[in-house]
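J.: how does the following fold in three dimensions:
(2 chains)
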2 protein chains.
Amino acid sequence: MKRVAGHRDHEGRLAQLGEAIRCHRKTVGLSQEALADAAEIDRSHMGKIERGERNVSVLNLIKIAAALDKRPSELLGSAGL
Amino acid sequence: MKRVAGHRDHEGRLAQLGEAIRCHRKTVGLSQEALADAAEIDRSHMGKIERGERNVSVLNLIKIAAALDKRPSELLGSAGL
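T.: Numbers count the residues shown, from 1 in each chain, chains lettered A, B, ... in the order given. All right, here's what the predicted structure looks like:
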């Protein structure tokens, strides 16, 4: 079990989401920094999101999905969520 | 434009999500308090989520979806996200 910013993430679901984001990012050929900039998210925060170390907010999920040309629901679905 | 806890929610997407949660909750016949309890979310926080006044986290979205017997991606999709 992993603790993420005060939350318990029993099943590593944030890591699944982070991995899905990383996978889509690589597919479109963006660096982590380029994705962070495109989504207007702090670069170090984006690194933590990809490593499943941050509990992503819906508004940030929407921005990340838009930068990857995906719908937020697709991004979650591709993470098995 | 609405400001939500320091974020700008230009297109009222949190309100869309809140409305979708309310709609699914009513469909399954749960009160807002019963949904909050089932999802282990503070009741007043749940009220704010349904009114689009809070930037929901992915872990809370997962808990709300589970309490509504939906997948998180379905819940977002049904909100048009």
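J.: longest helix of chain A?
T.: Ranked by number of residues, the top helix in chain A under DSSP state H is helix A:13-27.
J.: buried residues in the helix or strand following that one?
T.: Using DSSP states H and E, the helix or strand that directly follows helix A:13-27 along the chain is helix A:32-39. Within helix A:32-39, the residues that count as buried by 16 or more other CB atoms under 10 Å in any protein chain shown are A:32, A:35-36, A:39. Just so you know, the C-beta spots here come from the backbone N, C-alpha and C atoms, and that holds for glycine as well.
J.: circling back to that earlier point, what's next to the longest helix of chain A, contact-wise?
T.: A:2, A:4, A:9, A:32, A:35, A:49-56, A:64, A:68, A:70, A:75-76, A:78-81, B:58-59, B:62 (CB atoms under 8 Å, 6 or more residues apart in numbering or on different chains).
J.: repeat the analysis, applying 6 Å as the threshold.
T.: A:4, A:35, A:49-52, A:68, A:78-80 (CB atoms under 6 Å, 6 or more residues apart in numbering or on different chains).
J.: mean confidence for that helix?
T.: Helix A:13-27 carries an average pLDDT of 97.
J.: now do stretch A:73-81
T.: Stretch A:73-81 comes out at a mean pLDDT of 97.
J.: for it, the distance to its chain's centre please.
T.: Here the centre of mass of C-alpha atoms in stretch A:73-81, compared against the chain's by CA atoms, centre = their mean, to the nearest Å, lies 11 Å away.
J.: check which residues of it are buried.
T.: A:73-79, A:81.
J.: residues from chain A in reach of chain B?
T.: A:7, A:55-59, A:72-73, A:76-77, A:81 (CB under 6 Å from any CB of the partner chain).
J.: one more pass at 8 Å, please.
T.: Within chain A, the positions adjacent to chain B are A:4, A:7, A:9, A:13-14, A:17, A:55-59, A:61-62, A:71-74, A:76-77, A:81 by CB under 8 Å from any CB of the partner chain.
J.: coming back round to it: farthest pair within the buried residues of helix A:32-39?
T.: Farthest pair in these (CB to CB) is A:Gln32 and A:Ala39. Separation: 10.7 Å.
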